[in-house]
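Asker: what shape does this take:
(one chain, ligands or ions: 4)
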Amino acid sequence: MLIDLDVLDCPICYEPLTIPTFQCDIGHVACKFCWPKLKRCPLCALPIGNKRCIAVESALERRIVPCRNSKLGCTKNVPYGRDSTHEKEYCRFSLCSCPEIDECKYTGSYKDLLFHYLTSHMLKPNCFFTFGESRNVRMNINDKVLVLVTLRKTLLFTVQCFRETNGVYVAVNCIAPLAPEIVEKFSYRISYSFNGETHSHEVAEMKRILGVSFQIPQEKNLMFVSNSFLSGEVLEMELCISEVESRMNI
Ligand SMILES: [Zn+2]
Ligand SMILES: [Zn+2]
Ligand SMILES: [Zn+2]
Ligand SMILES: [Zn+2]
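Answerer: Ligands and ions are numbered 1, 2, ... in the order given. Next up is the predicted model:
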């Protein structure tokens, strides 16, 4: 059954209604964001109390709409007006952002990102890597992001440093949506040496991101270098990214 979607928008702010939805004495609705600001219904001037509109709420619960990437080819449906994890991270048509976010606003499919990067940005020396081979990564902690590429895959990989009071987190990510079927898994091993001691960190499944962000990641399965192991602003690291063997054929 198709319902005109406007019926499920708030008549005051025109944003999608979400649960809870409130109504005036004769049934005009207001969303949960507009409701606290109202004393009277803007449509009929009757008082708006805290009466919920159960009919609208149950319609909302059952309402599904095409994914917002349907124009790009997605055929999945998602709950209306709610943040869906499918749209946010798992949709394979989600747009990814170029990691040079200071100078570039490009967004596109994860498959087009490498071509964009190779044709639009100056390649840094040493940006190429080979799967399974350990390589040196030298990074200034204040550099926002280091982009790594391999010609085996049309994907971009990023290394980022996040400074905290006690030290620095180092995150290695692959830019792609989380849709499980589209990109094989990668693992990595990263280490740094200081005064002859080597500390290393292994991640069995590299995280995928839709674009770089400068917020300290919530997820802390990252290498942490405490201040006492830092000498100046430069981190000398060894990084090895590997392809995780797919078990599909076993
Ligand atoms: Zn509203
Ligand atoms: Zn009313
Ligand atoms: Zn989708
Ligand atoms: Zn770019």
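
Asker: just the helices in the chain please.
Answerer: Along the chain, the segments classed as helices by DSSP state H run 54-62, 85, 110-120.

Asker: report all helices and strands that the longest one contacts.
Answerer: In this case it means helix 110-120. strand 146-149, strand 156-164 (3 or more C-beta pairs under 8 Å, 6 or more residues apart in numbering; DSSP states H and E). For every residue, glycine as well, the C-beta is placed using N, CA and C.

Asker: who does the shortest one touch, helix- and strand-wise?
Answerer: Counting contacts by 3+ C-beta pairs under 8 Å, 6+ apart, the secondary-structure elements packed against strand 146-149 are helix 110-120, strand 156-164.

Asker: most packed of those?
Answerer: When these are scored by mean count of other C-beta atoms under 10 Å, the highest mean neighbour count falls to strand 156-164 (a mean of 19).

Asker: how far does that one sit from the chain's center?
Answerer: Offset of strand 156-164 from its chain centre (C-alpha atoms, centre = their mean, to the nearest Å): 14 Å.

Asker: direction included, what does it pair against?
Answerer: Using DSSP bridges, strand 156-164 pairs in its sheet with strand 146-149 (antiparallel), strand 167-175 (antiparallel).

Asker: now do the buried residues in the shortest one.
Answerer: Neighbour counts over strand 146-149 (16 or more other C-beta atoms under 10 Å) mark 146-149 as buried.

Asker: so which of these is the closest to Cys44?
Answerer: Closest approach to Cys44 among the buried residues of strand 146-149 (C-beta to C-beta): Val147, at 57.4 Å.

Asker: tell me the domain ranges of the chain?
Answerer: The chain breaks down into these domains under automatic domain parsing: 1-62, 64-94, 96-243.

Asker: does any part of the last one sit near ligand 3?
Answerer: No - figure legend: domain 96-243 not in contact with ligand 3 (C-beta under 5 Å from the ion); closest approach 8.6 Å.

Asker: leaving out chain neighbours, which residue sits closest to Cys104?
Answerer: Closest residue to Cys104 apart from its sequence neighbours, by C-beta to C-beta, 6 or more residues apart in numbering: Cys98 at 4.5 Å.

Asker: oh sorry, the question was meant for Arg82
Answerer: Thr18 is the one closest to Arg82 (C-beta to C-beta, 6+ apart), at 6.6 Å.

Asker: show me what contacts that neighbour?
Answerer: Neighbour list for Thr18: 31-32, 60, 81-82 [criterion: C-beta atoms under 8 Å, 6 or more residues apart in numbering].
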